[in-house]
Every structure is written in C-alpha cells, then in structure tokens.
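K.L.:
can't give you the sequence, but here's the structure:
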C-alpha cells in the first residue's frame, strides 16, 4: 500500500486529503516505476482542484511533476535503468504519490548532485518560462521583459532565463516583502502589486517592453498589450484572475474571460504587436521532440549552475493544506515542495 495526495472533489482546501491505496502494477512495455522522493506543487494544481481543467477532474491524485529513483523498468526500456535519479512529468496529474509508473518519455535523468527537491521543481516552471521567452517570445539582446508575479515559480524561472540573454532588462511585480529576493534573482525594477505598473514601466522604458509574461488574464491582458514596444509580444500562460482565495467563484471566472480583451487583427498589424499563448501539456502532446529538447536544455543549465531554482518551502504529504495555502495566498518565493 502507498500514500497519495488527492482532491476528493471540486472545491476548496477541505477537498484535500492523503489516502492509502494499492501500489502500481509492475511496468509494462515502455514503462518505468519511480520511487518518489519529492513532488512540486504548481498553481495549476489549484485549477485542477477547482474543476477548471476539463481533462483532469476530481476525484484525482494531484501533481504534474515529481522526482525520485527508478525502481523498475520494462524489458524494452533503454533510456533509463534501475537506480537512476529522475525528474518526472505527469501531464494528466498523479505525481503526488509515493510510487508511480509512467512511460519512459515522462522521465529524464538528473545528475545525483541535484537534490530531489530541485529535481521536482523545474519541469513545469522552467519549461513554461523557457518556451514562452525564447520560442514564442523570441527574446533578443537589449530587450526588456515584464513578468507578472515575478516571485512565483514561473516568474522566478523566467527572470533567470531572461538574464541569460545579454543586456535584458526585467520588470516584475510582487508584494513589497518579496522585492529584495526578486532583485537578487535578477529583477531590475521591482514593482509593488498596488502600484500602477503601466506607468512605472513606461517611465523607465518609454518605448515599452519586448515581452509581457501574463499569468493573470482578465483586464490585465489589455494593459499588457498597452506595454508593448514595436515587435513586442504578450505571452499568456495562465488565468489566475479566475481564482480568489479558496472558493470557486463562477463570477470570477466569467469576469476574467469577459475582461480578457478580444484581439483585433487590425490593431496587431498597425501596432506591430503579437499575442501568443502557451500550455506545456499541449506542447508535449503535439510536439514531444520539442518538449524533450527543452526539458534537457533546462536540466543542463541547472546542472551547469546557469539556472538556480529556489525552493520556497518543503512540506510533508500530511501538510498538503498548509502547502497549498502557501501558493493560493501568494506567500511563496520560488517553488513549494511536498514529500512523502
């Protein structure tokens, strides 16, 4: 028997619990079994718990990513072996468990000097930032990036990745008590959530920014477009505006999408702007080679010390409510980890 963290129904924190169930069956063709040592939590887990993902609905085991040790492999598996340390991607959730069986394409070997906490922290956040900035955004030397929630998991990763390009300026929003950490991470201009960020950014860079990484949607999507320089891009990576606190609100959901400005092709043409969206799971579905290449590049940059994931806090499975509140109440700086 093994333990797993589940959302037993759609709703708030009261739906979270740790349950016990049978261990997974031995791996079949093309599969591996992983003894899980650490699991990464993401804001996306809150979307799932609130029933906002049509493909993953409660009751379900939470978690899009984890890390651990390969404990068994099918006979035909060549890419990994028993004893390897791996990061695991679970696009249909299920990562928050003591033991998991997945196909071999869902794991990537990580060096043993990378901790399990760090190995569980980079698959979602760093790849989302990597593809948004470099593939969709086309960030170039001398550019500028504005990141909503720059102290969160994706924001922390995006700041470090942006700074691998020469002479890039990074603007980011967060609560005031997070500013020092953000600036140490590479944010050049930290803006308080309550400030008029549009005015603050244009005061420093009147022509606007090259890329806005928008995780909020709603009215902020319109403001994001107002901040673009010629040839600039908004990359929409989430819609946190749909969730306020720990209660699902149909009003918040409708208001967010109603206020998400329809994009006018004529306006984009006349302003030389672009709008894009990114969803990591869909990328893996449609272009698994690109997904894996990006995954390996991010891992190698971490191994080389170019990127430095920050672990905000580590919790036990039984502390899943407190760990989830750390994210939903926007208290975290970097990644929240839970461990079996």
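P.N.:
Sure, I can see it. What you see is a predicted model, and the numbers here were worked out from it, not measured in a lab.
K.L.:
mind giving me the packing neighbours of the helix ranked longest in the chain?
P.N.:
Determined from DSSP state H, the single longest helix within the chain is helix 288-303. If contacts are counted by 3 or more C-beta pairs under 8 Å, 6 or more residues apart in numbering; DSSP states H and E, helix 288-303 sits against strand 85-89, strand 107-109, helix 123-130, helix 280-286. (Glycine included, C-beta is placed from N, CA and C.)
K.L.:
just name the most buried of the ones you listed.
P.N.:
Greatest average neighbour count among the helices and strands packed on helix 288-303 goes to helix 123-130 (a mean of 26), per mean count of other C-beta atoms under 10 Å.
K.L.:
rewinding a little: okay if I get the helices and strands packed on helix 288-303 as a markdown table plus distance to residue 16 and mean pLDDT?
P.N.:
Formatted as a markdown table, these follow (distance: least, C-beta to C-beta, whole Å; pLDDT from 0 to 100):
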| stretch | distance to residue 16 | mean pLDDT |
| --- | --- | --- |
| strand 85-89 | 21 | 98 |
| strand 107-109 | 26 | 98 |
| helix 123-130 | 19 | 98 |
| helix 280-286 | 22 | 96 |
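K.L.:
of those, which is nearest residue 218?
P.N.:
Across those, the minimum distance to residue 218, taken as C-beta to C-beta, is reached by helix 123-130, at 19.2 Å.
K.L.:
where does the stretch 151-300 of the chain dip in pLDDT?
P.N.:
Within the stretch 151-300 of the chain, the stretches with pLDDT under 70 are 239-261.
K.L.:
do you have the strands of it handy? List them.
P.N.:
169-174, 189-192, 209-214, 228-236, 274-277 (DSSP state E, counting those that start in this stretch).
K.L.:
buried ones in the fourth one, by neighbour count?
P.N.:
Counting neighbours by 16 or more other C-beta atoms under 10 Å, one finds that the buried residues in strand 228-236 are 228-229, 232-236.
K.L.:
who's in contact with that strand?
P.N.:
Outside strand 228-236, the residues that touch it by C-beta atoms under 8 Å, 6 or more residues apart in numbering are 132-133, 136-138, 144, 205, 207-214, 217, 221, 224-225, 271-278.
K.L.:
weed out the non-buried ones from the residues you listed.
P.N.:
Burial by neighbour count, judged by 16+ other C-beta under 10 Å, picks out 132-133, 136-137, 144, 205, 208-214, 217, 221, 224-225, 271, 273-275, 278 from the contacts of strand 228-236.
K.L.:
if we can go back for a sec, closest to residue 282 among the buried residues of strand 228-236?
P.N.:
Comparing these against residue 282 with C-beta to C-beta places residue 236 closest, at 13.1 Å.
K.L.:
for residue 279, see how far away the closest one is.
P.N.:
10 Å (C-beta to C-beta, to the nearest Å).
K.L.:
who's in contact with residue 165?
P.N.:
Residue 165 neighbours (C-beta under 8 Å, 6+ apart): 139-141, 143.
K.L.:
of these, which is the nearest to residue 317?
P.N.:
Of all these, residue 139 has the smallest distance to residue 317: 38.0 Å, by C-beta to C-beta.
K.L.:
before we move on, the earlier item: pick out the most distant pair among the buried residues of strand 228-236.
P.N.:
Pairwise over the buried residues of strand 228-236, using C-beta to C-beta, the maximum falls at 229 and 236, 18.0 Å.
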